[in-house]
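Participant: heads up, no residue letters with this:
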Ligand SMILES: O=P(O)(O)OC[C@H]1O[C@](O)(CO)[C@@H](O)[C@@H]1O
């Protein structure tokens, strides 16, 4: 695989970056009154303003040339049509099929994936409807009041985000999420639940993830104590997995299991049976709307011209900022408490997908790949880390996410929220110069002496700091689906440009293996493994001393 940095358009892009280096964003806005129209685009139910990036039309042309050199359009087709885009695991990545139409058929290795997907949604809906109507009860005949979703990573983050975002629409059983193995979330969930009226979803593609299996075992013990028989427990546990053998081994009923497939990665799996908790919480119809929204974004990604294509633009700008301009961290700041889980979901989506250092053909990648993704909701983050964004020594591009219509039934001041969002992106772009501050301070009566210089210097905001603003029409399920799918495709665009495989995650395996190897020593049942280093041995010993 040819390296990104060896492509002719990369050289041209770097030359252009040098030429642009001394032009500020403020100047770019002053020069071009049509900058917003030029650098904004509409997607399904949303508007992306990317005018506050340090780009000109030439930057965009060069980035598009790079995308063409990388064969982005044919790779995109390969993604949608089920070709093997996950080379290291020899699989397609067909999350788009999870929200696509039932026809025409989509054949992959002889199977009509579209039909399989739709049959599964029907099964999920039948179960969710019956639970919500009180017809599918617990083993002792009582209606289900609580659902506990046990899963981690992609088996947790997407559904958790979706249910928090759609909480005002939740009219089904209460849903609790348990991911961490420290017991806090599980205890919290169990404390409010009655074993006779609780359905446990064990969500794990592999059905082997240690955190999930440990939490599942504890939840099953709790059920057993409450409903007496193993058969009764099995009735109240729904496995969602691609590994039925392990379901059987755990004494659970494979007939109740809902499928996952090896052609869907965990972080792309919200749209599958992994989303059952969402469906139970808000109902099948709204879950289908979530799928429809994601499908609308899929169509936009597949059909819109690249220069007006939101995932393409976001992906290209990310490569521009992170690789061409060396800005190695990006913040995501949703201006909605309902989207508080979005930064966490995007961390997994973008960093697990593109945190890679080799190309798809195994050479060390010479381009810097995914930057650190982090964030928190506005306005609280304005009173936490924004100081560093405005005046710190590092430039951090920000994705601001705003919602035009607040979710029905919410109180709060939507306009104040939006004014803050707009103010922050404006402040990052414009900054405040020494001259402006000096004029303000002297107008307010400050003496023009040495102390004024220090007062001015402390107040200067350099500006010229890039951001995107994504404005959603509202937070209806369709919009949420489109938002999440937008970032999924951004990950794909970035990965394609960097020349890496966005669909494997071998890096997380090492830690998992080491943890299992260390567990007997940490429990005090064995010596640390022979290959454990001095630091690890010392820490195990210290830990054991405090545990005794
Ligand atoms: O669904 P599983 O198999 O329990 O995996 C959970 C998570 O673990 C990972 O494999 C690694 O963190 C993720 O990709 C996945 O979402």
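Facilitator: Good, I have the coordinates. As the structure is a prediction and not an experimental result, all values here were calculated from the model.
Participant: what does the stretch 351-500 of the chain put close to the ligand?
Facilitator: Contacts of the stretch 351-500 of the chain with the ligand, taken as CB under 6 Å from any ligand atom, map to residue 352. For the C-beta atoms, the positions are set from N, CA and C on the backbone; glycine is no exception.
Participant: counting neighbours, what do you get for the closest residue to the ligand within the stretch 351-500 of the chain?
Facilitator: Among all residues of the stretch 351-500 of the chain, residue 352 sits closest to the ligand, at 5.8 Å; criterion: CB to the nearest ligand atom. Residue 352 has 22 neighbours, counted by other CB atoms under 10 Å.
Participant: now residue 461. Nearest residue, chain neighbours left out?
Facilitator: Here the nearest residue to residue 461 in space, its sequence neighbours aside, is residue 431; by CB to CB, 6 or more residues apart in numbering that works out to 4.1 Å.
Participant: thinking again about what came up before, which pLDDT does the model give the residue of the stretch 351-500 of the chain closest to the ligand?
Facilitator: At residue 352 the predicted local confidence, pLDDT, stands at 98.
Participant: wait, doesn't it sit right on residue 267?
Facilitator: Yes. In this structure, residue 352 is within contact of residue 267 by CB atoms under 8 Å, at 5.6 Å.
Participant: which one is whichever residue of the stretch 251-400 of the chain sits closest to the ligand nearest to, not counting chain neighbours?
Facilitator: Minimum separation of the stretch 251-400 of the chain from the ligand (CB to the nearest ligand atom) falls at residue 266, amounting to 2.4 Å. Using CB to CB, 6+ apart and skipping residues adjacent in sequence, the residue nearest residue 266 is residue 154, 2.9 Å away.
Participant: that neighbour is in contact with residue 348, isn't it?
Facilitator: Yes. Using CB under 8 Å, residue 154 is in contact with residue 348, at 6.6 Å.
Participant: so for those two, which residues contact both of them?
Facilitator: Shared contacts of residue 154 and residue 348 (CB atoms under 8 Å, 6 or more residues apart in numbering): residue 267.
Participant: so which bits of the least confident helix or strand in the chain by mean pLDDT are buried?
Facilitator: Counting by mean pLDDT, DSSP states H and E, the chain has its least confident helix or strand at helix 230-235, which shows a mean of 85. By neighbour count with 16 or more other CB atoms under 10 Å, helix 230-235 contains the buried residues 232-235.
Participant: just confirm the residue of the stretch 351-500 of the chain closest to the ligand is within a helix.
Facilitator: Yes. Looking at residue 352 with DSSP: H, G, I helix; E, B strand; the rest coil, it is inside a helix.
Participant: residues in contact with it?
Facilitator: Residues near residue 352 by CB under 8 Å, 6+ apart: 153, 267, 505, 508.
Participant: name the nearest of those relative to residue 533.
Facilitator: Nearest to residue 533 among the contacts of residue 352 is residue 508, at 20.3 Å by CB to CB.
Participant: for the closest one, which non-adjacent residue is spatially closest?
Facilitator: residue 352 (7.3 Å).
Participant: any idea how far residue 290 is from that neighbour?
Facilitator: Distance of residue 352 to residue 290, given as CB to CB, to the nearest Å: 22 Å.
Participant: tell me which element residue 297 falls in.
Facilitator: helix 284-303 (DSSP states H and E).
Participant: so which elements touch that helix?
Facilitator: Under the contact definition 3 or more CB pairs under 8 Å, 6 or more residues apart in numbering; DSSP states H and E, helix 284-303 sits against helix 72-80, helix 113-132, helix 276-282, helix 310-319, helix 477-498.
Participant: can you do 10 Å?
Facilitator: For helix 284-303, the packing partners by 3 or more CB pairs under 10 Å, 6 or more residues apart in numbering; DSSP states H and E come out as strand 40-43, strand 46-49, helix 72-80, helix 113-132, helix 157-165, helix 276-282, helix 310-319, helix 477-498.
Participant: could you dump these to a markdown table with mean neighbour count, mean pLDDT and distance to residue 244?
Facilitator: Shown next, in a markdown table, are these (neighbours: other CB atoms under 10 Å; pLDDT from 0 to 100; distance: least, CB to CB, whole Å):
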| stretch | mean neighbour count | mean pLDDT | distance to residue 244 |
| --- | --- | --- | --- |
| strand 40-43 | 18 | 98 | 38 |
| strand 46-49 | 21 | 98 | 39 |
| helix 72-80 | 17 | 98 | 28 |
| helix 113-132 | 18 | 98 | 14 |
| helix 157-165 | 24 | 98 | 21 |
| helix 276-282 | 28 | 98 | 17 |
| helix 310-319 | 26 | 98 | 35 |
| helix 477-498 | 26 | 98 | 27 |
